[in-house]
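Enquirer: Got a predicted structure plus its sequence, pasted below:
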Number of protein chains: 2
Amino acid sequence: MAVTSGPVAASTDAERAMYDFVDAYDRAFESAAVEHALSVAQACVLGRLTRPWGMRELADELGCDASNITQIVSRLEARDLVERRPNPDDGRSRQLVRTANGEAVNVAFERSFEFARTAMSNLSPREQDQLATLLRKALGTTDRSGPAA
Amino acid sequence: MAVTSGPVAASTDAERAMYDFVDAYDRAFESAAVEHALSVAQACVLGRLTRPWGMRELADELGCDASNITQIVSRLEARDLVERRPNPDDGRSRQLVRTANGEAVNVAFERSFEFARTAMSNLSPREQDQLATLLRKALGTTDRSGPAA
DNA sequence: CCTAATTGCTTGATTGGATCAAGCATCACC
DNA sequence: GGTGATGCTTGATCCAATCAAGCAATTAGG
């Protein structure tokens, strides 16, 4: 059930478009993960390791318990996708990094997860900018990209 | 780990906006579910029952095994949120409906899940239309709302 | 220094979600 | 009315998530 979205009652047309979009995104993510024998959670973790991360740090980033990260990482480590290194500056902490194997799998995963690229390729550059601006505005985020008025 | 999105490598600015948006959506959904002691999967199922559904039908809709639905529904039923009725037209099938209780919880859940409404309220009506059009175009869906040339 | 509190991570237990194989009841078709 | 499909459930297994507890290393105070 990759799907969080649903036919929430009394939604406007714009809201419906949002649901459909998020739904498609989530399904595409899960499907790409499964292609490479990863769970969603594992793909999430693997994807963040563009630099060494501490376990605690990852737990905070992903908004879950540290012990959850422990077990997910243990499974990734058992498959030689990540490595727990000692942190030279703090004996309690670990530095989590991708192995060469993990790099390769992550690259393959990102290639499979073509949702974003496909979606964008359906839009002109100008439309892409518009979309980014609208999404950020909808989120209430200060738009860091737009020419904004 | 409500989050499927992640800092996927080499993403453009527009892709980043997408990730952030989906991430925010998913987190909001889960958070609203938890507020009402529902899991994401339970909220998903409960939310679809605007009419009676068969178990098989639900499984297809949500893209999972029928036995998965069985257990989720069993938990919802144990909490008196849904009811399994016999299908008068087919003795094998069930008609899954919300109880009065389930209706109330679902309404409360939808009220809590204000993400869509909040997001839209940050946009003018014209911008909402634009966003819907762009999202549908990005999905490659035939836009059913737009003036679309 | 040396203790005490804090911090980072792990373990164990428990719950829920997801999938698969198997089974049972009902239906549909011939 | 027997055979095969269909709808749902059960049982087993694995993973994700959370909580309580614990250990080790660090930090803070005396």
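Expert: Received, thanks.

Enquirer: Give me the three-state assignment for the residue nearest the centre of chain A.
Expert: Centroid-nearest residue in chain A, with Cα atoms, centre = their mean: A:C44, separated by 5.1 Å. Classification of A:C44 by DSSP: H, G, I helix; E, B strand; the rest coil places it in helix.

Enquirer: any idea how far DNA strand D is from it?
Expert: To DNA strand D, A:C44 is 8 Å away according to Cβ to the nearest atom of the strand, to the nearest Å. Any C-beta I mention is one placed from the backbone N, CA and C, and that applies to glycine too.

Enquirer: what's the answer for A:S11, then?
Expert: 26 Å.

Enquirer: OK, contacts around that residue?
Expert: Under the criterion of Cβ atoms under 8 Å, 6 or more residues apart in numbering or on different chains, the neighbours of A:S11 are A:19, B:116.

Enquirer: try it again with 7 Å
Expert: Residues near A:S11 by Cβ atoms under 7 Å, 6 or more residues apart in numbering or on different chains: B:A116.

Enquirer: Read off the pLDDT value for it.
Expert: Listed pLDDT for A:S11 reads 74.

Enquirer: for A:E35, same thing?
Expert: For A:E35, the model assigns a pLDDT of 95.

Enquirer: do the same with A:R117
Expert: 86.

Enquirer: can you check A:S5 too?
Expert: So A:S5 comes in at 50 (pLDDT).

Enquirer: What about A:P86, how many residues nearby?
Expert: Using other Cβ atoms under 10 Å in any protein chain shown, A:P86 is surrounded by 11 other residues.

Enquirer: quick one: buried residues of the longest helix belonging to chain A?
Expert: Secondary structure of chain A per DSSP state H: the longest helix is helix A:13-35. In terms of neighbour count (16 or more other Cβ atoms under 10 Å in any protein chain shown), helix A:13-35 has its buried residues at A:14-30, A:32-33.

Enquirer: swap in stretch A:88-101?
Expert: Neighbour-count burial for stretch A:88-101 flags A:93-99 (criterion: 16+ other Cβ under 10 Å).

Enquirer: So that stretch, near chain B or not?
Expert: No: in terms of Cβ under 7 Å from any Cβ of the partner chain, no part of stretch A:88-101 sits within range of chain B; the closest distance is 11.7 Å.

Enquirer: is that stretch up against DNA strand D anywhere?
Expert: Yes: contact between stretch A:88-101 and DNA strand D, assessed by Cβ under 7 Å from any atom of the strand, occurs at A:90-92.

Enquirer: which one of these is nearest B:N122?
Expert: Using Cβ to Cβ, A:D90 comes nearest to B:N122 of the residues of stretch A:88-101 next to DNA strand D, at 41.6 Å.

Enquirer: What's the separation between that closest one and DNA strand C?
Expert: According to Cβ to the nearest atom of the strand, A:D90 and DNA strand C sit 6 Å apart.

Enquirer: do the same with A:D13
Expert: Distance, A:D13 to DNA strand C, by Cβ to the nearest atom of the strand: 28 Å.

Enquirer: That residue contacts B:A132, doesn't it?
Expert: Yes: between A:D13 and B:A132 there is a contact under Cβ atoms under 7 Å: 5.7 Å.

Enquirer: Just the C-alphas of stretch A:78-96, formatted as PDB.
Expert: Taking Å, rounded to 0.1, in the frame of the first residue of the first chain, the C-alpha atoms of stretch A:78-96 are listed here in PDB:
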ATOM      1  CA  ALA A  78      24.200  -7.600   5.800                       C
ATOM      2  CA  ARG A  79      23.800  -7.100   2.100                       C
ATOM      3  CA  ASP A  80      27.000  -5.100   1.900                       C
ATOM      4  CA  LEU A  81      25.200  -2.000   0.800                       C
ATOM      5  CA  VAL A  82      26.300   0.200   3.700                       C
ATOM      6  CA  GLU A  83      29.100   0.200   6.200                       C
ATOM      7  CA  ARG A  84      29.200   1.300   9.800                       C
ATOM      8  CA  ARG A  85      32.500   3.100  10.500                       C
ATOM      9  CA  PRO A  86      33.700   4.300  13.800                       C
ATOM     10  CA  ASN A  87      33.600   8.000  14.300                       C
ATOM     11  CA  PRO A  88      37.100   9.200  15.100                       C
ATOM     12  CA  ASP A  89      35.700  12.200  17.000                       C
ATOM     13  CA  ASP A  90      33.200  10.300  19.200                       C
ATOM     14  CA  GLY A  91      33.500   6.700  20.300                       C
ATOM     15  CA  ARG A  92      29.800   6.400  20.700                       C
ATOM     16  CA  SER A  93      28.900   7.400  17.200                       C
ATOM     17  CA  ARG A  94      29.000   5.700  13.900                       C
ATOM     18  CA  GLN A  95      29.600   7.000  10.400                       C
ATOM     19  CA  LEU A  96      27.300   5.400   8.100                       C
END
